[in-house]
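A.B. asks: 3D, please:
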Amino acid sequence: MKIYGFMIVKNECDILAQTIESLLTYGGFTKIFIFDNMSDDNTFAVAKKYESDVVKASQLNTPFSDNLKFENVYRHAALFNEGDWFAILDADEIYAEALYPICERATKEGANLIETKSAQFYFTEKDDSYDFDSSEPAHMQRPFYLVNYGEPRVFKYAKSVTLSADYVKSRPNELIAAKHLFQIFHFQFRSSKQMQKRIQVRIKNDKHSGNWGHVNATDWREYIVKSTYLHKYNGTIELGLPKQASLYKIPDNAAYTMANILWLKKHDFLSVEQRGFLKASRLKRIFKRLF
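C.D. replies: Just a heads-up that it's a prediction; the model follows:
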């Protein structure tokens with residue numbers, strides 16, 4: 001069994017080295033393909049520094065879409081044998097556990113996809129600054145997180161099936177998820193400058209891809225989350241919401257969207273009271289928030 005990784009990256013030079021290091025440490029990859037998607041920063045140069053028998057960096061001048069991720073995979077279909085695995089990689093997602101044994105376990109289960117559980121690290125009012133130093137571990141600069149989302153990220157290759165982002169999102173019966181959720185650390189919020197540029201790029205790209213209709217806030221400050229709503233990273237990951245976090249009292253914020261809450265419910269990461277919030281009437285929610 002071999003595992004191949006495929007990453008499309010744009011303007012992520014500040015985090016890319018840490019991500020690649022984690023992939024080399026935990027991924028067990030036979031090959032990692034990195035495609036720089038028209039960056040205007042130092043991203044491609046960072047990727048090229050890691051070129052080896054395992055890492056290959058090239059440029060890709062095709063407008064981004066989710067389906068493009070899978071198109072890149074099947075351009076390399078000649079590499080695969082039946083039963084190999086491939087991972088869709090993001091430049092701001094740092095691996096936090098070994099992938100190879102999870103693929104082995106999934107194979108024994110008869111699964112053909114592995115979903116992530118993403119510890120998403122946020123801006124908070126307790127951050128020392130909203131700059132980012134590439135030489136310092138990301139979790140030391142953005143220590144507050146919530147495990148509140150995940151996606152299918154790793155897939156078993158089969159010659160009889162050609163996957164696409166649209167096909168995966170439809171979750172057909174043929175796709176069988178492994179029992180174990182694969183832990184990653186997601187650092188989409190790194191610096192005020194990086195985040196503001198990210199917002200602008202995604203809003204512009206949405207006209208082509210339709211991927212970013214949910215990006216409504218146009219100022220990076222709107223993504224700051226109160227630290228008491230989050231866990232602080234101390235070497236271990238906590239699941240669920242902080243004990244003091246009441247869904248009735250917490251205002252809308254970047255970490256507590258309805259999509260996040262429903263994902264937590266799906267994976268049984270909510271308490272009885274928190275699940276009750278989802279069943280409560282609008283009137284009850286208003287009453288509980290006020291009183």
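A.B. asks: which residues does residue 27 contact?
C.D. replies: 3, 5, 87, 95, 99-100 (C-beta atoms under 8 Å, 6 or more residues apart in numbering). Yep, even glycine has a C-beta here, placed from its N, CA and C like the rest.
A.B. asks: those helices in the stretch 151-291 of the chain, which residues are they?
C.D. replies: 165-169, 192-209, 258-266, 272-279, 282-290 (DSSP state H, counting those that start in this stretch).
A.B. asks: and those helices, which one is worst for confidence?
C.D. replies: When the helices of the stretch 151-291 of the chain are ranked by mean pLDDT, helix 192-209 comes last with a mean of 74.
A.B. asks: mind checking which of the helices of the stretch 151-291 of the chain is nearest residue 42?
C.D. replies: With C-beta to C-beta, the closest approach to residue 42 among those belongs to helix 192-209: 12.7 Å.
A.B. asks: Derive a PyMOL selection command for the buried subset of the contacts of residue 27.
C.D. replies: This is how PyMOL selects the buried members of these, with burial counted by 16 or more other C-beta atoms under 10 Å:
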select buried, resi 3+5+87+95+99
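A.B. asks: now, which of the contacts of residue 27 lie within strands?
C.D. replies: 3, 5, 87, 95 (DSSP state E).
A.B. asks: Any chance of those residues in a markdown table with pLDDT and distance to residue 30 as columns?
C.D. replies: Putting those into a markdown table (pLDDT from 0 to 100; distance: C-beta to C-beta, whole Å) gives the following:
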| residue | pLDDT | distance to residue 30 |
| --- | --- | --- |
| 3 | 98 | 6 |
| 5 | 98 | 9 |
| 87 | 98 | 11 |
| 95 | 98 | 15 |
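A.B. asks: Tell me which stretches of the protein form strands.
C.D. replies: Going by DSSP E, the chain shows strands at 3-9, 31-36, 55-59, 85-89, 93-95, 113-121, 144-149, 152-156, 182-186, 231-232.
A.B. asks: For these, give me JSON lines that also has distance to residue 201.
C.D. replies: Shown next, in JSON lines, are the strands of the chain (distance: least, C-beta to C-beta, whole Å):
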{"stretch": "strand 3-9", "distance to residue 201": "12"}
{"stretch": "strand 31-36", "distance to residue 201": "14"}
{"stretch": "strand 55-59", "distance to residue 201": "17"}
{"stretch": "strand 85-89", "distance to residue 201": "19"}
{"stretch": "strand 93-95", "distance to residue 201": "17"}
{"stretch": "strand 113-121", "distance to residue 201": "19"}
{"stretch": "strand 144-149", "distance to residue 201": "20"}
{"stretch": "strand 152-156", "distance to residue 201": "22"}
{"stretch": "strand 182-186", "distance to residue 201": "17"}
{"stretch": "strand 231-232", "distance to residue 201": "29"}
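A.B. asks: and of those, who's closest to residue 285?
C.D. replies: strand 144-149 (19.4 Å).
A.B. asks: The closest one to helix 258-266, inter-axis angle?
C.D. replies: 70 degrees (axes from the mean of the first three to the mean of the last three C-alpha atoms, to 10 degrees).
A.B. asks: pretty sure residue 96 is touching residue 185, no?
C.D. replies: Yes. If you go by C-beta atoms under 8 Å, residue 96 and residue 185 touch, sitting 5.3 Å apart.
A.B. asks: joint contacts of these two?
C.D. replies: Joint contacts of residue 96 and residue 185 (C-beta under 8 Å, 6+ apart) are residue 119.
A.B. asks: Neighbour count for the two, which is higher?
C.D. replies: Taking neighbours as other C-beta atoms under 10 Å, residue 96 and residue 185 compare with residue 185 leading, 24 against 18.
A.B. asks: Surely residue 130 and residue 124 touch.
C.D. replies: No. When contacts are counted by C-beta under 8 Å, residue 130 is not listed as touching residue 124 (10.2 Å).
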